[in-house]
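**Q** A predicted structure for the sequence below; I have some questions about it.
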Amino acid sequence: MSQLQRSAPGAEIALEGAVNFRELGGYPAADGRTVKYGLLYRGGNLDALQNPADQQTLQSWHLRSILDLRSAGEYAQHPDPAVPGAEYRRVCAMRMADGTEMDFSSTGIERLAEEKAAFEKVAGHPVHDYDWFSVLYRQMPFGNPAYHELFTLMEQRQAPLLFHCTCGKDRTGIAAMLILLALGVSRETALADYMLTNTYRRAIIEKHLQGKSPEERRLLLSVEGVDEAMGAGAIDEILQRFDSYETYFAQEFGLDAQRLEALRNFYLE
């Protein structure tokens, strides 16, 4: 295997046009096994990978499937270019209260403001974006059509598979944690993978937070990075609703013991 495929678990894939692309290979998982390299990739907008070197790297993954977790509005502004050999699907991974797509493009800002206003009306007081999104994150692992599509693709062995959103941090980060938990990776390791976004996007984050107070930094970190409490809240909500991760995967995705073991046998070594 190439040096890239056998890099340390969670290592960033070097690209000219983008940061925070990586794969899930190498993490310790169920029964003393590890996640196979070269099957599960995560990242951000693919239209950032324009130069020949980045295109060559992308094509070296021999992708069979690309799952875009963004809204239609985000796709319209930054459409994924076709990748030879890869089947493309787009299913938005964050939803409004009525089930419609949560659009983080410039055209969706007004609708987002309306959604937040409705949330505040129910709460009975103004709510900071941080607190609103913390609630939204805890809802993401449940009834999420994008994550159902993700596990369907995994069960169908449509790998190598790349799943991505805009920055590869929120919708992608929760997706990665769910995959790792399904494969028997520990909560601590899954959350550590989630938090690596702050390492690979550090320069972007620091530029955004420059001159902010410690409290402002806490509340605004998740705009360009990820917040540990927010990410942990999403996966810890699972154990608030179910007695184990295995029960969750069985009831949410139909991954009973037999199907979960088959999934692990394919993606672990």
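**A** Sure thing, it's come through.

**Q** quick one: buried residues of stretch 24-37?
**A** Residues 24-27, 29-30, 34-37 are the ones in stretch 24-37 that count as buried (16 or more other Cβ atoms under 10 Å). Placement of C-beta: from N, CA and C, glycine included.

**Q** Closest one of the residues you listed to G173?
**A** Minimum distance to G173 across the buried residues of stretch 24-37 is 11.7 Å, recorded for L24 (Cβ to Cβ).

**Q** Next up, the contacts around A232.
**A** A232 sits next to L191 when contact means Cβ atoms under 8 Å, 6 or more residues apart in numbering.

**Q** Next, the buried residues of the helix or strand containing it.
**A** According to DSSP states H and E, A232 maps onto helix 228-241. Residues 230-235, 237-238 are the ones in helix 228-241 that count as buried (16+ other Cβ under 10 Å).

**Q** Using the three-state scheme, assign P126.
**A** The assignment at P126 comes out as coil when based on DSSP: H, G, I helix; E, B strand; the rest coil.

**Q** where's it relative to W61, distance?
**A** For P126, the distance to W61 equals 45 Å [Cβ to Cβ, to the nearest Å].

**Q** More neighbours: which of those two?
**A** W61 (21 against 9; other Cβ atoms under 10 Å).

**Q** Can you give me every residue that contacts the more buried one?
**A** Counting by Cβ under 8 Å, 6+ apart, W61 has contacts 38, 41, 160, 162.

**Q** neighbour-wise, which of the residues you listed leads?
**A** L162 (25 neighbours).

**Q** In which helix or strand does that residue reside?
**A** Counting by DSSP H and E, L162 is part of strand 161-164.

**Q** who does that strand pair up with?
**A** strand 40-43 (parallel), strand 65-68 (parallel) (DSSP bridges).

**Q** what sits up against the helix or strand following the last one?
**A** Same thing as strand 65-68. Sequence order places helix 72-77 as the next helix or strand after strand 65-68, per DSSP H and E. Defining contact as Cβ under 8 Å, 6+ apart, one finds that helix 72-77 is touched by 68, 90, 92, 101, 103-108, 165-166.

**Q** buried sites along helix 72-77?
**A** For helix 72-77, by 16+ other Cβ under 10 Å, it's 73-75, 77.

**Q** could those residues go into JSON lines alongside distance to L263 and pLDDT?
**A** Formatted as JSON lines, these follow (distance: Cβ to Cβ, whole Å; pLDDT from 0 to 100):
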{"residue": "G73", "distance to L263": "33", "pLDDT": "94"}
{"residue": "E74", "distance to L263": "29", "pLDDT": "95"}
{"residue": "Y75", "distance to L263": "28", "pLDDT": "96"}
{"residue": "Q77", "distance to L263": "34", "pLDDT": "95"}
